[in-house]
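Enquirer: how would this look folded up:
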Amino acid sequence: MGDSQEPRKLRVVLIDDEELIRAGLALVLATEPDIEVIGEAGDGQAGLELVAGLQPDVVVMDIRMPTMDGVAATRILTSEEFRLNGAGAIPVLILTTFNDEEAVHAALRAGASGFVLKNSAPKILAAAIRALSKGAGWLDPNVTKGLLEEFSSRPGPQIPRTAEFHDLTRREMEVLAAVANGMNNSQIAEKFFLSEATVKTHVHRILMKLGVTDRSQAVVAAFRWGLVKPDDR
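Expert: Next up is the predicted model:
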């Protein structure tokens with residue numbers, strides 16, 4: 001008989017100053033067969049120490065916390081200095097509310113890979129964690145709407161002006177539009193009859209050409225300059 005090892009679960013660290021919310025999130029994620037919570041912290045500083053020791057697959061982070069908030073913690077977590085043994089940055093999923101667009105924008109610039117509302121359905125949280133673990137981003141449509149409203153009310157670009165959409169090929173434009181509509185690499189590959197490796201290459205080139213660091217920033221840039229409109233989602 002061959003070995004029948006169970007698939008490795010996605011390892012998650014929760015960082016939130018409200019113990020009740022952490023307990024609720026842990027309880028929700030405990031029902032997911034492929035996800036396990038391996039640690040919890042009540043502020044950003046304690047969270048950094050925990051993440052450094054445990055090296056989880058995804059960090060779920062609140063924005064508003066004492067000692068060190070989620071924006072500052074995210075900036076450190078996604079920095080080159082924090083990466084150990086040549087590993088890539090650990091993706092950060094931000095927990096937010098409807099009226100916290102300013103903090104969400106700051107977290108996006110700090111390197112967060114995704115955002116979910118605190119009152120999202122459990123399946124949404126689990127789906128977002130899975131997406132981030134595969135290198136994808138996750139933007140809650142309601143969060144995206146708030147970001148777009150914020151951007152439209154301010155003069156000047158909120159994403160680096162190095163973004164040059166005219167440098168994108170037609171295929172890259174199609175892939176970016178698919179990313180903006182919440183599709184992961186597998187879905188994009190199926191839609192355009194490509195391999196996932198090819199999709200990853202397209203996404204990498206898109207990020208390089210736009211001068212952004214992750215899929216979430218690319219989506220916001222696409223909205224900011226009208227490549228993709230809210231009604232297209």
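
Enquirer: Now for residue 66: which residues touch it?
Expert: Counting by CB atoms under 8 Å, 6 or more residues apart in numbering, residue 66 makes contact with 17, 43. Where C-beta positions appear, they are placed from N, C-alpha and C, glycine not excepted.

Enquirer: Quick check: it vs residue 91, distance?
Expert: 24 Å (CB to CB, to the nearest Å).

Enquirer: which residues touch the longest helix seen in the chain?
Expert: With DSSP state H applied, the helix covering the greatest number of residues in the chain is identified as helix 196-210. For helix 196-210, contacts defined as CB under 8 Å, 6+ apart pick out 135, 159, 162-165, 167-168, 171-172, 175-176, 179, 185-186, 188-189, 192, 194, 213-215, 217-218, 221.

Enquirer: Show the subsequent helix or strand relative to it.
Expert: helix 215-224 (DSSP states H and E).

Enquirer: Who are the packing partners of that following helix?
Expert: Packing contacts for helix 215-224, counted by 3 or more CB pairs under 8 Å, 6 or more residues apart in numbering; DSSP states H and E, involve helix 101-110, strand 138-139, helix 141-152, helix 170-180, helix 196-210.

Enquirer: Please work out which of those is packed deepest.
Expert: Highest mean neighbour count among the helices and strands packed on helix 215-224 (mean count of other CB atoms under 10 Å): strand 138-139, with a mean of 25.

Enquirer: Report the strands that pair with that one, each with its relative direction.
Expert: Next to strand 138-139 in the sheet, as set by DSSP bridges, lie strand 114-117 (parallel).

Enquirer: Now do the end-to-end distance for stretch 63-76.
Expert: Using CA to CA, to the nearest Å, the end-to-end distance of stretch 63-76 comes to 14 Å.

Enquirer: Pull out the buried positions in that stretch.
Expert: Neighbour-count burial for stretch 63-76, counted by 16 or more other CB atoms under 10 Å, picks out 63, 65, 68, 69, 70, 71, 72, 73, 74, 75, 76.

Enquirer: Now residue 94: which helix or strand?
Expert: Judged by DSSP H and E, residue 94 forms part of strand 92-96.

Enquirer: any idea of the mean pLDDT in that strand?
Expert: With pLDDT averaged residue by residue, strand 92-96 scores 89.
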